[in-house]
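Undergrad: this is a predicted model, with the sequence first.
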Amino acid sequence: MNLHEYQAKDIFRSHGISTPAGEVVTTPSAAESAAARAGGPVMVKAQVHAGGRGKAGGVKYCKSPAEAREKASAILGMKIKGLTVEKVLVTPAAEIASEAYVGIIVDRARKKPVFMVSAAGGMDIEEVAAKTPEKIRYHAVDVRYGLLPFEALELGFFLYSDAKLARAAARVMQQLYAAFMGSGCSLAEINPLVVTSAGEILALDGKMVIDDNELDRRPEVEALRDVSSENPAEVDARNHSLSFIMLEGNVGCVVNGAGLAMATMDLVKYYGGEPANFLDIGGSSNPEKVVNALRIITADANVKVILFNIFGGITRTDDVANGIVAAIKASPLKVPLVIRLTGTNEEIALKILAENGLNASADMDEAVEQAVKLAKGGKAA
Amino acid sequence: MNLHEYQAKDIFRSHGISTPAGEVVTTPSAAESAAARAGGPVMVKAQVHAGGRGKAGGVKYCKSPAEAREKASAILGMKIKGLTVEKVLVTPAAEIASEAYVGIIVDRARKKPVFMVSAAGGMDIEEVAAKTPEKIRYHAVDVRYGLLPFEALELGFFLYSDAKLARAAARVMQQLYAAFMGSGCSLAEINPLVVTSAGEILALDGKMVIDDNELDRRPEVEALRDVSSENPAEVDARNHSLSFIMLEGNVGCVVNGAGLAMATMDLVKYYGGEPANFLDIGGSSNPEKVVNALRIITADANVKVILFNIFGGITRTDDVANGIVAAIKASPLKVPLVIRLTGTNEEIALKILAENGLNASADMDEAVEQAVKLAKGGKAA
Amino acid sequence: MSVFIGKDTTLVVQGITGRDGSFHARQMMEYGTRVVAGVTPGKGGQQFDGVVPIFNTVRQAVEQTGANTSVIYVPPAFAADAIMEAAAAGVKVVVCITEGVPVLDMMRVYPFVKEHGARLIGPNCPGLISPGEAKVGIIPGRICARGPVGVVSRSGTLTYEVVYQLTRAGIGQTTCVGIGGDPINGTNFIDCLEAFERDPDTHAVALMGEIGGTDEQEAAEYVRTRMKKPVVGFIAGQTAPPGRRMGHAGAIISGSAGTAAEKIEAFEKCGIGIARRPIDFVALIRERLK
Amino acid sequence: MSVFIGKDTTLVVQGITGRDGSFHARQMMEYGTRVVAGVTPGKGGQQFDGVVPIFNTVRQAVEQTGANTSVIYVPPAFAADAIMEAAAAGVKVVVCITEGVPVLDMMRVYPFVKEHGARLIGPNCPGLISPGEAKVGIIPGRICARGPVGVVSRSGTLTYEVVYQLTRAGIGQTTCVGIGGDPINGTNFIDCLEAFERDPDTHAVALMGEIGGTDEQEAAEYVRTRMKKPVVGFIAGQTAPPGRRMGHAGAIISGSAGTAAEKIEAFEKCGIGIARRPIDFVALIRERLK
């Protein structure tokens, strides 16, 4: 789960990291009054779960409250990478002497949280990594010991030769690590970490991604979820324990298991089609899940055919068959349906389908090929 | 540093461990009113840094406030292992269904905190260990991971077969571990941990020993020090950074380094004398320390001779010589003085001593033998 | 022969009285796995289905039954503790089926398990099966058959798909291992390849990877430099939208974006046969078994 | 020859600009130890006494000077971190002089140092000296002489006393190691005995123990079962009052009260010569060198 900049900064602040004060507003006039309260030049920043906000025109410097109103008006409602900007953060513009990057991410290979720090902050860290990799220092933390004081200081001295700044940066490392662990992050990032002309260290922008598996035990973090900034169909799917990502194609897919779901999409492509979505109904299926899956997929006007690919293990295929039948009874499908189904309780499932005039293939390739043909306007084999 | 029972219980309580309410009082009448407020039978318990309080008559069951007054009157002022009881704890008497022992101590060999738990609580754990060692279970905690939930539950099931009690005991293990680590303990003990007839788990008595090296960084624990219950000479010594333990003999010893101090005491004994004390002036000496050491030792009327044994390494022997001279000038000694001194700045030291009519030996055995002779009323060689 | 589990496997089921645990305990027993103990704190002393003794702790289960393998069906909040309990009790192979274990938990679990000399498979995995010998986890027994192919995969149902295709074509397996798809898991491709290379009955290996991370690239390098047996590979997620979970920072660290194209290229470079579709495994493996 | 430190020792001094650090850095340099770097965060780039470069971190010091040994003179609150910093930077021998390090800190430090493959000596120790080769710590150089005796001790000034007596009697030392008197330290008697047994120039060992714990008993057992070279031992604290620090619980755990009598008995049983007084080492060692 992604957090907004302002939410990440709230968490940073609660761990002692200095960040500029700020107000989140949803209207241009509120932006104007927030800028007036700030009493100086401000930044107006789109709060949206998308990278590259700056390049997209979602971050603006404003000399006056009037300008803040004007810029907020342009930004609110703007679309960035398909997401509508609903909120902006109005925050005092800082006088910047230098910009650094500090991030922590979960590294699969090292199986540890890894710090990435660079004195070349403010820009894309991907660009720094590609062009001047020597400007990034990595440090893997052994969570059994936590971030040790000497490790934090090593990172501090990598950023600043001045001992006072290095020590202040070491403190920020400790605080960011505490925030990362304390909120169950898979990523926590300050970019840029700035030294102001007054010599103060400030987190000017912040980003946090939470491990979805942490949300059950961290209701206070789950409460930060902003569904208004997510794709409504994906929110709907999540609320029904479905893993769903919308794509551009026209073959709607309903599969059990993420690996098989991806393999199914790949096979659609292999046979010349385009998948309309990734949809994993998960391990322990029940008919209700299938009903919801069909409802969500059929809401996508692009979908020309619906393809089920179910390999029953924990998933009982009769549950899936019952779900299909129930969904169709409640609201008949307007597009053709291709079902591939095998495994646990397969015989019962086939019987249920047959009783309702549906048939199913046991072969994945056969089903996918047929679905692609139907999506192109062909007839069922 | 030892804590009193009531102090240990306060810390237990702050970590969520249930303990009976209690009041610490210093007079019999206060004990009476505390018992009246408790509203039932109470225990009156001597608060003193000595084991075996019960056997010494320092713990009494009282049916009424009047009896509490009477028993408190007997206990207050009582001497237990040489220490005067200045305070008693008045605490409701619990209805006990079973008694267990739970302790954590620092184990040198395993280099870890080790839990000791036994369902045979209430009595001396030393006795259990000697007679029925199979009734004690040990568990070493890897501090990198802390006490893991399954480990706590294993210990809980060792004490109780009932799952509810086992889980409650597991919680107590976690809380005691947190108290142990959080206060910088070398020992934390609940004896007995009782199950009341109502099925509740309670810490009925508690003991904590703090690692002296933790006190600098834990002022809140240092604040619990009760100097009234320690030997005044030892308190005086500690306040002047001297390590001092009073003994029964008559050869007063001033040595630098604990190992050499013990070896010096042993040598006193070897030559037929009895050391009056252990006194280590520590590594980095200064004249002031020596002055205080002499003041503390000469206050002991048993002391018949004072023996210095200084091997200068970090310790500068001229500092020691200056200290001796300053002390004698301020208040002349009433007992003979034998000085053994060698090492760093030895020549300067000998010169200082000679200028003040003192001489010193470079040989430890010679000095100790002479001191013993003097203590027995003999003449200096 | 087989790898990790086999005829000598004696199994303790953690969470044996739960919904998933009891269902799959029965499935495993039915398959012939020697389920010697179950663990559910508070139910110690009872019997599961009248035949399997239940204990309060894994330590008790191991002490009293000598179980050498454990399988875990407990909710995600308790999975990390359950894994560590099994490793501390002396279990040699710990298979964690539980899905949804927080990755920060796994960062503590991983070194703990290593320090205790145990092998962890999973979490978030279907477990493993050595056809005809033992099944530990949830892989359906009837889709497998005994034979010369080692199977290792990051996914669940996709594994079933491939194994099913192989079995239908008359190609059996020594052991099928689902290592799980989580960012941090106990056993990786290389661990399995190493075991298959050493197993005298395994003559070819089918490997199913996914987008994300660099495990497949490292596995490919391992195949090139250390393996004599043929390997056929597949990567799921060629059409998946990139960066929906980890974003770019992960890619920087690993020096790779973890795309399917990259992984397939690594396979090709290292002499691994490429299955474009799951069904392609049949022909490619058959060719290599000749 | 010598153990742990010698001619190849290149030393970084942590806390080189402090009161104790600067004093002893000079003493060590005077003795001939190769002090190649100092560390004081914030003074990186400066020079100590115009000859020794100062760095902000141990890592920088090691990277730029190749120091293989470190000695620590920092306040107790920072000692644990300093030890771990040295181990993480790749230093092979870390000598911590600091007194007053909390024992809970040491419980984390100990496994950390092991994991990094370093040897820790101390804390709360006088360090070590290989006469004529190198001195790391605070043992006065002039009381030592080169010769055939390995010395290991839990105490500081008592070690000086014994070494001084040996030297006065014309008996020199290969290496004198003060392992420190804290409950948890990095190197114990056995580590040193093992090293002395392997060192071709050491022909006898003098060992000074104290009351408390069971290290001396274990060392005695080691001498009996694994050592060929003669050992002479001494225990300080025969007249010390029992149980002033750890009480009885410690004794239960270790299965021993840690008394002097117990330890001397163990020495006798294992063929270790017993020095009743420090001066007795001279005769007992001389006898064994014949």
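TA: Structure's in. What do you need?
Undergrad: contact residues of the stretch 51-200 of chain C facing chain B?
TA: Residues of the stretch 51-200 of chain C lying near chain B by CB under 8 Å from any CB of the partner chain: C:56-60, C:78, C:81-82, C:84-85, C:88, C:108, C:112. In short, each C-beta sits where N, CA and C put it, glycine included.
Undergrad: which one of those residues sits closest to chain D?
TA: C:F112 (12.2 Å; CB to the nearest CB).
Undergrad: quick one, what contacts that closest one?
TA: B:145, C:84, C:87-88 (CB atoms under 8 Å, 6 or more residues apart in numbering or on different chains).
Undergrad: ok, and which of those residues reach chain A?
TA: B:Y145.
Undergrad: quick one: buried residues of stretch A:86-102?
TA: A:87-94, A:98-102 (16 or more other CB atoms under 10 Å in any protein chain shown).
Undergrad: and those residues, which two are furthest apart?
TA: A:K87 and A:S98 (29.4 Å; CB to CB).
Undergrad: thinking again about what came up before, pick out the lowest-pLDDT one from the buried residues of stretch A:86-102.
TA: Least confident of the buried residues of stretch A:86-102 in the model: A:A94, at 87.
Undergrad: okay, it and C:G233: tell me how far apart.
TA: Per CB to CB, to the nearest Å, A:A94 is found 51 Å from C:G233.
Undergrad: one more: A:E99?
TA: For A:E99, the distance to C:G233 - CB to CB - is 43 Å.
Undergrad: how about the contacts made by the residue of chain C found nearest chain A?
TA: Using CB to the nearest CB, the single residue of chain C nearest to chain A is C:S155, 2.2 Å away. By CB under 8 Å, 6+ apart, the contact set of C:S155 is A:257-260, A:263, C:178, C:181, C:208, C:210, C:236.
Undergrad: dump those residues to JSON lines, plus secondary structure and distance to B:G58.
TA: Shown next, in JSON lines, are the contacts of C:S155 (DSSP: H, G, I helix; E, B strand; the rest coil; distance: CB to CB, whole Å):
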{"residue": "A:G257", "secondary structure": "coil", "distance to B:G58": "69"}
{"residue": "A:A258", "secondary structure": "helix", "distance to B:G58": "68"}
{"residue": "A:G259", "secondary structure": "helix", "distance to B:G58": "70"}
{"residue": "A:L260", "secondary structure": "helix", "distance to B:G58": "73"}
{"residue": "A:A263", "secondary structure": "helix", "distance to B:G58": "76"}
{"residue": "C:G178", "secondary structure": "strand", "distance to B:G58": "65"}
{"residue": "C:G181", "secondary structure": "coil", "distance to B:G58": "64"}
{"residue": "C:M208", "secondary structure": "strand", "distance to B:G58": "72"}
{"residue": "C:E210", "secondary structure": "strand", "distance to B:G58": "70"}
{"residue": "C:A236", "secondary structure": "strand", "distance to B:G58": "74"}
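Undergrad: how about the residues you listed, which pair is most distant?
TA: Maximum distance among the contacts of C:S155 (CB to CB): 14.4 Å, for A:A263 and C:G178.
Undergrad: pop the domain breakdown of chain A in here.
TA: Chain A breaks down into these domains under automatic domain parsing: A:21-92, A:96-222, A:231-375.
Undergrad: is it true that C:G141 touches C:Q27?
TA: Yes - look at C:G141 against C:Q27 with CB atoms under 8 Å: they come within range, at 7.2 Å.
Undergrad: list the residues that contact both of these two?
TA: Counting by CB under 8 Å, 6+ apart, the contacts common to C:G141 and C:Q27 are C:K135.
Undergrad: out of the domains of chain A, the one nearest D:I190 is which?
TA: domain A:96-222 (26.5 Å).
Undergrad: what about that closest one, how long is it end to end?
TA: Distance across domain A:96-222, first residue to last, is 34 Å (CA to CA, to the nearest Å).
Undergrad: same question, stretch A:196-209
TA: End-to-end for stretch A:196-209, by CA to CA: 27 Å.
Undergrad: so where do the helices sit in the chain?
TA: Here I'm looking at chain A. A:5-14, A:28-38, A:65-75, A:125-131, A:149-159, A:163-183, A:219-222, A:232-239, A:258-270, A:287-298, A:317-330, A:346-355, A:364-375 (DSSP state H).
Undergrad: oops, chain C please
TA: Along chain C, counting by DSSP H, helices occupy C:19-31, C:58-65, C:76-88, C:103-115, C:157-168, C:189-198, C:215-226, C:247-254, C:260-269, C:280-289.
Undergrad: low-confidence stretches in chain A?
TA: A:284-285, A:378-381 (pLDDT under 70).
Undergrad: so how far is C:E210 from the closest residue in space to C:P183 that isn't next to it in sequence?
TA: Nearest residue to C:P183 in three dimensions, chain neighbours excluded: A:R108, at 4.6 Å (CB to CB, 6 or more residues apart in numbering or on different chains). Distance check for A:R108 against C:E210: by CB to CB, it reads 12 Å.
Undergrad: got it, and A:T298?
TA: Taken as CB to CB, the span from A:T298 to C:E210 is 28 Å.
Undergrad: then A:S29?
TA: 49 Å.
Undergrad: which one of the two has more residues nearby?
TA: Using other CB atoms under 10 Å in any protein chain shown as the criterion, A:S29 and C:E210 rank with C:E210 on top: 24 against 12.
Undergrad: just to check, the more buried one is in contact with A:G259?
TA: Yes - the criterion here is CB under 8 Å, and C:E210 meets it with A:G259 at 5.9 Å.
Undergrad: list the residues that contact both of the two?
TA: C:154-155, C:181, C:236.
Undergrad: tell me the two of these that are most distant?
TA: Top of the distance list for these (CB to CB): C:G181 and C:A236, 9.8 Å.
Undergrad: please enumerate the shared neighbours of these two.
TA: Joint contacts of C:G181 and C:A236 (CB under 8 Å, 6+ apart) are A:259, C:155, C:210.
Undergrad: which member of those residues is positioned nearest B:Y271?
TA: C:E210 (80.9 Å).
Undergrad: and C:G181 and C:A236? which has more neighbours close in?
TA: C:A236 (28 against 23).
Undergrad: what is the more buried one paired to in the beta sheet?
TA: Beta bridges link C:A236 to C:E210 when assigned by DSSP bridges.
Undergrad: hang on, it packs against A:L267?
TA: No - C:A236 is not in contact with A:L267 according to CB under 8 Å; the separation is 9.9 Å.
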